[in-house]
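1. following is a predicted model, sequence given first.
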Amino acid sequence: MDAPRKSKPCLSGVGLTKVFGLGRRTTVAVDHVDFEFREGEVISIVGESGSGKTTLAKMLLGLINPTEGEVYFQGQKRDISSHRKRQEYWKNIQAIFQDPFSAYNIFNKIDTVLLDCIHMRGGRGLPRAKKIELMTEACGFVNLKFEEMTNKYPFELSGGQMQRLMIARIFLLKPKILLADEPTSMIDACSRATILDYLMKLRDEVGMTLIFITHDIGLAYYVSDTVYIMEHGRFVESGTADRVILHPQEPYTKRLISDVPKIYEEWDLSTV
Amino acid sequence: MKHTLRQVARSGKFMAGFIIFVAILLIVIIYPLLVPDPPLQIIAQGTFFPPGIYVNTYDSINAPTTYTLHLDDAAAKRVASKLSQENRTEMKNWLVAAGLPADEIDTADTEQLLNQWGSHYDPRLQIPGMTLAKSRAYQRLNASIQGLLSTEGAIIASRAADTGALQAGREVKQTDYVNIREVANVRFLPLGTDNFGRDVLTELVRATGVSLQIGLVAGIIATLIGLTLGLAAGYIGGLLDDFTMFITNLFTVIPTFVLLILISFSIGQDKRGAFTIATVIGLTAWPWTARSVRAQVISLRNRDHVNLSKLSGHSIPHIILNDILPYVASYVVMAFILQISSGILQEAGLAILGLGPRTTEVPTLGLMMNWAMIYQAHILEKWWAYLPVLMTIALITFSMNLMNTGLDQVFNPALRD
Amino acid sequence: MGKVVLDVKGLTTKYITRFREDVYAVDHVSLQVEEGKSLGIAGESGCGKSTLALSLMGYYFPPLHYMSGEIVIDGRNITGMKPDDVRKSILGTEIAYIPQAAMNALNPTRRIINFIEDVVLAHDPTENKKFIYDLARASFETLGLPADVLHKYPVELSGGMKQRTVIAVSVILRPKVLIADEPSSALDVTSQKMVIKMLKNLMETGFIKSMIFITHELPLLYNVTDDIMVMYAGQIVEQATARQAVFDPLHPYSKGLMGSIIVPESGLRDVKLTAIPGAPPNLKKPPMGCRFAERCKYVRAECRVMAIPLYEVGGGRAYRCILSEETLREAYGRAA
């Protein structure tokens, strides 16, 4: 582990394991994973489908309980045993999902989505005008006009706009950690840069730790400080992005990176 | 929402079903306003009067005006109504058996036939091989054709109040007519009467209403229980899910209809009202709603919008009501429609076995079938006692299934054509 | 210049929706593919890439309708043929098509050899099974697939193997053109590489004469095809060799698209990604002028009113923009 040890640990896991199923038919999705994410870092967890990265993300978010192991948040053992404690935890960690089309409740208006965030930050008692001001500010952050958004349903927006609205939501919540699960894989290449720009701007503004869950090694290389490579529920290699992606040590990482189509270097087809 | 409703309205199947259903509903509501008779009032003395217009004989004789009409075919029709082709053949058969040569008898010549009959028929004559019933039938036929060709009118006699002596009154000629509108009492019985002498149509309309109510109550009960259990088991999962599914599977493997029969039987005849039956049907019909709602909820609970709602700090009831229920609502509506129609069918099935609601207060479609069956309407060929009931049941279920298929096509784009 | 295998002129097809609204998904597309060459089609989702693939086969079924244009495969004009005739005499022998989720389209209750029998018998019902088996075995060996796959059921194969098997089945009759629509996008990178290797192998061993490869992944396209055609809103906006398209794009849209490529190669961390604001136009009512005008940084007044033709600049290169090559290059140079 040669990540820079400048800041305090923010989220860490010890022996984190998730086993699905009961009895003899079990699948180990995440297998005794240890990690330490530091404050202000941009981390990528890279893995192919079935590597357990989404399961790990859900455990970090507290959406599913680990079978074994513990998550530490800011040095403290995470306690999400009651609804109140979970609510408290979710003020600190939030997520952006892969598919903007399925991430919204289609029966709720955009206002509801944003108001929920204001209420979660304790703004339930604020006057209506103040709430609208906050929502306008959040929409403005991602270059959306609140006047055009109000009273609309999320499905009336384009994929890119929906994903931006998701970022506006995070802007209102200002969590300490943001977990982005394939945030750009369902949107067009041209909108990808926009989404990444807003995420980085948001990170600078709020000062949060960004965790990308992705299968796209190019994206991981482009955005992150630290990269974790995941295979069959285990981290096979981790370190700074330059170190892991440009000079991989482990055979799996080497193979993974050599199999990604390149532009400047030769993409060697003879290796498969 | 508005968009969905517009799509539903555009679905041909749904609208066809909906129109049939609304038509049935309108008849159920409007008919009692036009015909205010109590549906179970016994009006006829005797069983299974055929459908038709019933004109009061006394009132038509005493109609205020009699009109004289000279119609050419009046006599022929009068003869025809009493002397059918079969009767003529029967008469010929008797005459041949009595010794008349067959080629001398012409069944088409009414006058000659009647003359031959009049001069040869003897009720005391023993024809070999003829049963007693048959010879009685000949006696009745003989009586009914007496004076058939007479052109004389009939004299109406009335009985003097004090002496009881008959006194000749008005004479009714064969050319006398009354206008049916001037007859005080005319009753149209489009579907005749049933075994108890009740108007089948009035009874049927009321029975349809009651059966729909039974279906509705059964449907609401089944859907409420199924929805609640399905939502809770599907979303919360774990032990609650295991337990609920255990109960549900238990209910599924027991044949529901047998269970229904046993419950109805144990409630006893006196306590079985229409709504008791509806409740019993509802209480046995929920498992499949619960199962399918649970399956839908399980596929929904891992969706990102639910995760997002959790991350927004919403409580479980809030998530179930706002993020799960609206997504399964269309499905529940379809299940509800099917529950109503199966409730109606279940009631009919129970009642035909004599386990339906008790019989003194209200008719139901099932009870009407039950009565028709007990009094052997199907053997006696009294079709009006059971066929309209069958058609009504079929029409209600058909309309509901049409609506269901239509909705299914709207909500499930894979089924669109 | 090699022999032209696929020659398409002014092909226009449209979707007619349930509400009688026409969507021109492919609008006057002309292209030529030479023997031994592969053509890549790039573009965002909804730009008409997949519709173009369907249209090229000449096999139309509602809601897709043929409007105008001409498709000539190896000197044989297939425009205006009945769908049934197309299926019998074109598909499989002239053109083969691998749709996006081809591997999931295999009937799980049948063995791979049965699918091959179907394909062969559809063209020649008199063929005997022994012959088909030998043909299949020989083809699979040439393509480097184990012959025992022939007796397996689709569920017994891994995703990558299934996809390669589908490709092998569809080229069994040695079609002249293979149209592959995102054949590897559902696979992991290693399987993807195997599929690509197989496609290249098909060209080299002469199983197919030429290939049209459709994907939204530009690095992949760059590595697979000789030429690249960029589509936007149903139209071709740029045609060039793969190298030119990626490193020297002319059309502002191609420029934006190429600027959004991220690959894990040294130095690319510091490149600024380009973003194109806005969304593609609604093809029910396409704009009168340039379809990209609303999102273009270099838009001029006349762009919005004038339909822009595809300008040829020599060497098979063409682009759809009123600005000259020099102006565009200069503008891009300034932006960088």
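-> Sure thing, it's come through. Since we're looking at a predicted model, the values are computed, not measured.

2. from here on, contacts and neighbour counts on C-alpha atoms
-> Fine.

3. give me the residue from the stretch 101-250 of chain A nearest chain B.
-> Nearest residue of the stretch 101-250 of chain A to chain B: residue A:103, at 4.2 Å (CA to the nearest CA).

4. how about the residues of the stretch 201-350 of chain B by chain A?
-> B:303-308, B:310-313, B:315, B:323, B:326 (CA under 8 Å from any CA of the partner chain).

5. which pLDDT value goes with the residue of the stretch 101-250 of chain A closest to chain B?
-> Residue A:103 carries a pLDDT score of 90 in this model.

6. which one is it nearest to, not counting chain neighbours?
-> residue B:305 (4.2 Å; CA to CA, 6 or more residues apart in numbering or on different chains).

7. tally of neighbours for that neighbour?
-> By the criterion of other CA atoms under 10 Å in any protein chain shown, residue B:305 has 23 neighbours.

8. repeat for residue B:168
-> 11.

9. does the residue nearest to it when sequence neighbours are not counted count as helix, strand or coil?
-> Take residue B:168 and drop its neighbours on the chain: the residue closest to it by CA to CA, 6+ apart is residue B:157, 4.3 Å away. The three-state assignment at residue B:157 reads strand, by DSSP: H, G, I helix; E, B strand; the rest coil.

10. if we can go back for a sec, now do the contacts for the residue of the stretch 101-250 of chain A closest to chain B.
-> A:97, B:303, B:304, B:305, B:306, B:308 (CA atoms under 8 Å, 6 or more residues apart in numbering or on different chains).

11. low-scoring stretches of the stretch 301-417 of chain B, by residue?
-> B:359-360, B:413-417 (pLDDT under 70).

12. repeat for chain A
-> Using pLDDT under 70, chain A drops low at A:1-6.

13. next one: phi and psi at the residue in it positioned nearest to chain C?
-> Residue nearest to chain C within chain A: residue A:218 (4.2 Å; CA to the nearest CA). Torsion angles at residue A:218 (phi, psi; degrees, to the nearest 10) stand at phi -60, psi -50.

14. try residue A:44
-> phi -120, psi 130.

15. what of residue A:240?
-> Dihedral angles (degrees, to the nearest 10) for residue A:240: phi -70, psi 160.

16. list phi and psi for the spatially closest residue to it that is not a sequence neighbour.
-> Of all residues not flanking residue A:240 in the chain, residue A:226 sits nearest, at 4.3 Å (CA to CA, 6+ apart). Backbone torsions of residue A:226, given as degrees, to the nearest 10, read phi -120, psi 140.

17. ok, how many other residues are close to residue A:226?
-> Around residue A:226 there are 26 residues (other CA under 10 Å).

18. residue A:230 too?
-> 24.

19. so it lies in a helix, does it not?
-> No. The assignment for residue A:230, made by three-state DSSP, is strand rather than a helix.

20. wait, it touches residue A:252, no?
-> No. Using CA atoms under 8 Å, residue A:230 is not in contact with residue A:252, being 9.5 Å away.

21. what do the two both touch?
-> Overlap of the contact sets of residue A:230 and residue A:252 (by CA under 8 Å, 6+ apart) consists of residue A:236.

22. contacting residues for the residue nearest to residue A:103?
-> Counting by CA under 8 Å, 6+ apart, residue B:305 has contacts A:102, A:103, A:104, A:105, B:323.

23. pretty sure the fourth one contacts residue B:321?
-> No. Contact status for residue A:105 versus residue B:321: not in contact, 11.8 Å apart, counting by CA under 8 Å.

24. in chain C, which spans are strands?
-> C:4-16, C:22-34, C:38-42, C:64-73, C:76-77, C:95-98, C:177-181, C:210-214, C:227-232, C:235-241, C:311-314, C:317-319 (DSSP state E).

25. ok, now the stretch 51-200 of chain B?
-> Taking DSSP state E, counting those that start in this stretch, the strands of the stretch 51-200 of chain B run over residues B:52-55, B:67-68, B:154-159, B:166-172, B:176-177, B:186-189.

26. return the most buried member of those strands.
-> strand B:176-177 (a mean of 16; mean count of other CA atoms under 10 Å in any protein chain shown).

27. helices or strands up against that one?
-> strand B:67-68 (3 or more CA pairs under 8 Å, 6 or more residues apart in numbering or on different chains; DSSP states H and E).

28. contacts only, for the nearest residue to residue C:233 once chain neighbours are set aside.
-> Counting by CA to CA, 6+ apart, residue C:47 is the residue found nearest to residue C:233 once chain neighbours are left out, at 4.5 Å. For residue C:47, the contact set (CA under 8 Å, 6+ apart) comprises C:25, C:231, C:232, C:233, C:234.

29. wait, the fourth one sits on residue C:281?
-> If I follow you right, that is residue C:233. Yes. Applying CA under 8 Å, one finds residue C:233 in contact with residue C:281, separated by 6.9 Å.

30. run a quick neighbour tally on residue C:193.
-> 25.

31. and the stretch 1-150 of chain A, which residues reach chain C?
-> So far as CA under 8 Å from any CA goes, the stretch 1-150 of chain A lies against chain C at A:48, A:49.

32. for the stretch 51-200 of chain C, which segments count as helices?
-> C:83-89, C:112-123, C:129-142, C:159-170, C:189-204 (DSSP state H, counting those that start in this stretch).

33. out of these, nearest to chain A?
-> helix C:189-204 (5.7 Å).

34. which strands and helices sit next to that closest one?
-> Using 3+ CA pairs under 8 Å, 6+ apart, helix C:189-204 sits against helix A:251-259, helix C:159-170.

35. could you look up the SS state of residue B:29?
-> Three-state call for residue B:29 (three-state DSSP): helix.

36. before we move on, what about the one 3 residues further on?
-> State at residue B:32, reduced to three classes by three-state DSSP: helix.

37. that one: neighbour count?
-> Residue B:32, neighbours per other CA under 10 Å, totals 15.

38. check contacts around it.
-> Contacts for residue B:32 (CA under 8 Å, 6+ apart) come out as B:202, B:206.

39. from residue B:26, how far out is it?
-> According to CA to CA, to the nearest Å, residue B:32 stands 11 Å off from residue B:26.

40. can you give the contact residues for the helix or strand of chain C at the bottom of the mean pLDDT ranking?
-> None of the helices or strands of chain C scores lower by mean pLDDT, DSSP states H and E than helix C:83-89, at a mean of 82. Contact with helix C:83-89 is made by C:58, C:59, C:60, C:61, C:78, C:122, C:123, as judged by CA under 8 Å, 6+ apart.

41. go back to those and keep what's next to chain A.
-> Answer for the contacts of helix C:83-89 near chain A: none qualify (CA under 8 Å from any CA).
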